[in-house]
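Q: Sharing a model prediction with you, sequence too.
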Amino acid sequence: GISKQRKVSANSKNKSKGEPSLEDYLIQRDFTGALTLLEFKLKCRDGESKDLLLWIAYCAFHLGHFRRAQDAYKELLSAHEVSDEVYLFLSACMFYQQNYEEAEATAEKGPNTPLKIRLLFNISHRLGDDNKLMKYHQLLRDKREDQLTLASVQYLRSQYQEAIDIYKRLLMESRDDLALNVYVAICYYKLDYYDVSLEILSVYLQAYPDSAVAVNLKACNHFRLYNGKAAETELKALSEKGVMLQSNDLIRHNMVVFSNGD
């Protein structure tokens, strides 16, 4: 679906010199800039509304603005001729807003694709429907996206070793996918193997030392291995690099824990 959206390039170029085009924003993964431009174009009726809504939904989803993405997909379905695949995109928005029953009903309207199976597998877990969970589990393929979905559900079900086995197998196939190291490190943290978690995490931090997620996990490991002061030091070093820690709810919570509630 995303590849199809990428073909929607009409009106993506801003003819005014010096002003970034939609393509410029997307290449930089500046979804905030892209969304601002798209909303302006939609308001001014500058471009095909169907194309603009597709891109608005895409950018909003990537920003975590799931309600805006949902509204755009609903408008597309009601006012434009679009692929039934849009029902799956809409279902994903509902899923991330924890509207699981509505997400399930909407996904059922979509085409029978691997994305539909992954969605329904995740939804079944959230709804606690083990019969459907097993049904969709058996339909998952031995492909990367499906295996990542399986690993995430196993993690959520506290089956950390099973998740680790999948992530390690995927790492064997793609060593360059460094983010998998973070997933493995989180699982080892959950299993109380803090030293192992730190060792695996270091691979990712060497490449992305300013990653708030990775540094937060490192701090949590230090908290378990040493004390709150050691954990605080890790987060403060990140703050000194200009990362806004207070805007992250989890990190803000952890900083309180590390400082004994001070």
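A: Noted; the coordinates are in hand.

Q: Lowest-scoring secondary structure element of the chain by mean pLDDT?
A: Here the helix or strand of the chain ranked lowest by mean pLDDT, DSSP states H and E is helix 2-6, holding a mean of 47.

Q: Domain map for this structure?
A: 143-204, 209-261 (the TED database).

Q: Ok, which of those domains comes nearest L77?
A: Among the domains of the chain, the nearest to L77 by Cβ to Cβ is domain 143-204 (24.2 Å). From N, CA and C alone the C-beta is placed, and that goes for glycine too.

Q: what distance separates the start and the end of that closest one?
A: Terminal residues of domain 143-204 are spaced 23 Å apart (Cα to Cα, to the nearest Å).

Q: And that domain, how far out from the chain middle?
A: 16 Å (Cα atoms, centre = their mean, to the nearest Å).

Q: Equivalent analysis for stretch 114-123, please.
A: Mean-position distance between stretch 114-123 and its chain equals 15 Å (Cα atoms, centre = their mean).

Q: what is the rounded mean pLDDT of it?
A: Over the span of stretch 114-123, the pLDDT mean works out to 98.

Q: mind listing what's buried in that stretch?
A: Neighbour-count burial for stretch 114-123, counted by 16 or more other Cβ atoms under 10 Å, picks out L115, K116, I117, R118, L119, L120, F121, N122, I123.

Q: from those residues, which is closest to L217?
A: Taking Cβ to Cβ as the measure, L217 lies nearest N122 of those, at 22.9 Å.

Q: I figured F258 hits A219, correct?
A: Yes. F258 lies in contact with A219 (Cβ atoms under 8 Å); the separation is 7.1 Å.

Q: Mutual contacts of these two, please.
A: Counting by Cβ atoms under 8 Å, 6 or more residues apart in numbering, the residues touching both F258 and A219 are A231, E232, L235.

Q: Closest one to E101 out of the residues you listed, please.
A: Checking those against E101 with Cβ to Cβ, the nearest one is L235 at 38.4 Å.

Q: who touches the closest one in this structure?
A: By Cβ under 8 Å, 6+ apart, the neighbours of L235 are V215, N216, A219, L245, I251, N254, M255, F258.

Q: Quickly, which of the domains of the chain bottoms out on average pLDDT?
A: domain 209-261 (a mean of 85).

Q: Can you give the distance of that domain from its chain's centre?
A: Using Cα atoms, centre = their mean, the offset of domain 209-261 from its chain centre is 21 Å.

Q: Return the residues in contact with the residue nearest the centre of the chain.
A: Nearest to the geometric centre of the chain sits H62, at 7.5 Å (Cα atoms, centre = their mean). Listed by Cβ under 8 Å, 6+ apart, the contact partners of H62 are R29, F31.

Q: pLDDT value on it, please?
A: Per-residue pLDDT puts H62 at 96.

Q: what's the distance between it and D177?
A: 19 Å (Cβ to Cβ, to the nearest Å).

Q: What of D130?
A: 31 Å.

Q: rewinding a little: among the shared contacts of F258 and A219, which ones are in strands?
A: Among these, no residue falls in strands (DSSP state E).

Q: Thanks a lot, see you next time.
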